[in-house]
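K.L.:
Sequence and predicted structure, then a few things I'm wondering about:
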Amino acid sequence: GWVGVSVTRPVLELAGAVARLGAGARGATVPVRSSDEIGELARAFNRMSEELERTTVSKVELEALARRLI
């Protein structure tokens, strides 16, 4: 029914985004469709993904700077 779809769809979207992020797709996000626990989980995932992307970019920039200094 509707309740099953309203829970299953966002969980499947999140699972797909986790798989994409694990495969190296930096910046993978999911839509936030609600303000309940599922929506909070989606927001937390998006924040984590964005922070990981910033950290990765910073690491790449630091490595490039180190190469220039050497």
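P.N.:
On my side now, so go ahead.
K.L.:
CA only for contacts and neighbour counts going forward, please
P.N.:
Fine.
K.L.:
Mind telling me which residue is nearest the centre of this protein?
P.N.:
The residue lying closest to the centre of the chain (CA atoms, centre = their mean) is residue 49, at 3.2 Å.
K.L.:
Just the element for that residue, please.
P.N.:
helix 37-69 (DSSP states H and E).
K.L.:
Now do the contacts for residue 45.
P.N.:
Applying CA atoms under 8 Å, 6 or more residues apart in numbering, we find residue 45 in contact with 29-30.
K.L.:
so what pLDDT did it get?
P.N.:
Residue 45 is assigned 96 on the pLDDT scale.
K.L.:
Kindly report the same for the one 5 residues further on.
P.N.:
Looking at residue 50, its pLDDT stands at 93.
K.L.:
Below-threshold pLDDT in this protein: ranges please.
P.N.:
Within the chain, the ranges that satisfy pLDDT under 70 run 1-3.
K.L.:
make it 80
P.N.:
Within the chain, the stretches with pLDDT under 80 are 1-6.
K.L.:
Residue 33 in helix, strand or coil?
P.N.:
coil (DSSP: H, G, I helix; E, B strand; the rest coil).
K.L.:
670 is where my numbering starts, stick with that
P.N.:
Sure, I'll start counting at 670 from here, so that last one is residue 702.
K.L.:
and the gap between the closest residue to it other than its chain neighbours and residue 676?
P.N.:
Nearest residue to residue 702, sequence neighbours excluded (CA to CA, 6 or more residues apart in numbering): residue 708, at 6.1 Å. Going from residue 708 to residue 676 by CA to CA, to the nearest Å gives 10 Å.
K.L.:
With neighbour numbers in mind, choose between the two.
P.N.:
residue 708 (17 against 11; other CA atoms under 10 Å).
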